[in-house]
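Asker: My questions concern the predicted model and sequence given below.
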Amino acid sequence: MVYIGPHAVTPIFQEPLPTVDTEYEKNENGYISFSCVVSGQPLPNITWVKDGSQLVLREGQQVNEVQVEDTAVNSTLFLSLLSEVDSGEYWCKAENTLGETEMQMVFALNVFDESKKFCLMHQAKLSASLTLHRKS
């Protein structure tokens with residue numbers, strides 16, 4: 001049995017938290033960061049989740065954690081050199097010896113290849129133009 005002290009607290013996300021999911025659209029090779037602040041005693045461990053699975057960091061991605069109080073930590077996920085494979089839903093999960101909690105708000109990220117976006121926009125304009133000039 002592990003003694004955790006009289007002031008033990010399960011992980012709690014700190015305010016302010018957005019009340020709705022947030023959607024971001026970024027261009028390929030761009031960057032974005034997401035943050036969460038969690039308190040708990042003992043200090044919680046934070047993991048980042050993408051599309052329901054623990055995020056495996058690759059080149060251009062990192063997590064920085066800073067202890068902001070005796071019982072709170074700020075975790076920031078940095079994603080750079082974005083590509084379409086980075087599109088998805090991200091959130092953070094915190095746990096300590098008393099339990100775990102997941103952020104209720106989801107960061108939805110859509111990454112676009114500008115050249116494909118241009119081609120799609122051009123194709124849409126062209127088809128609209130063709131529709132306007134149909135023969136009866």
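Answerer: Good, I have the coordinates. Treat the numbers as computed from the prediction; the structure is a model and nothing was measured. Numbers count the residues shown, from 1 in each chain.

Asker: quick one: buried residues of the top strand by length along the chain?
Answerer: If you go by DSSP state E, the chain has its longest strand at strand 31-41. Counting neighbours by 16 or more other CB atoms under 10 Å, one finds that the buried residues in strand 31-41 are 32, 34, 36, 37, 38, 39, 40, 41. In this view, the C-beta of every residue, glycine as well, is placed from N, C-alpha and C.

Asker: need the strands for this structure, in chain order.
Answerer: Under DSSP E, the chain gives strands at 9-13, 22-27, 31-41, 45-50, 53-54, 61-69, 72-80, 88-96, 99-102, 107-112.

Asker: need these in a markdown table with mean pLDDT, can you?
Answerer: As requested, the strands of the chain are exported to a markdown table (pLDDT from 0 to 100):
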| stretch | mean pLDDT |
| --- | --- |
| strand 9-13 | 90 |
| strand 22-27 | 85 |
| strand 31-41 | 91 |
| strand 45-50 | 94 |
| strand 53-54 | 94 |
| strand 61-69 | 94 |
| strand 72-80 | 94 |
| strand 88-96 | 91 |
| strand 99-102 | 89 |
| strand 107-112 | 84 |
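
Asker: Hmm, residue 31 and residue 79 touching each other?
Answerer: Yes. With contact defined as CB atoms under 8 Å, residue 79 counts as touching residue 31 (6.3 Å).

Asker: Just want the most central residue of the protein.
Answerer: Central residue of the chain (CA atoms, centre = their mean): residue 90, 3.3 Å from the mean position.

Asker: Now that one: closest residue in space that isn't a chain neighbour?
Answerer: Spatial nearest neighbour of residue 90, chain neighbours left out: residue 107 (4.6 Å); criterion: CB to CB, 6 or more residues apart in numbering.

Asker: And that neighbour, how close does it get to residue 48?
Answerer: 10 Å (CB to CB, to the nearest Å).

Asker: thought residue 50 was touching residue 92?
Answerer: No. At 10.7 Å, residue 50 and residue 92 do not qualify as touching, with contact defined as CB under 8 Å.
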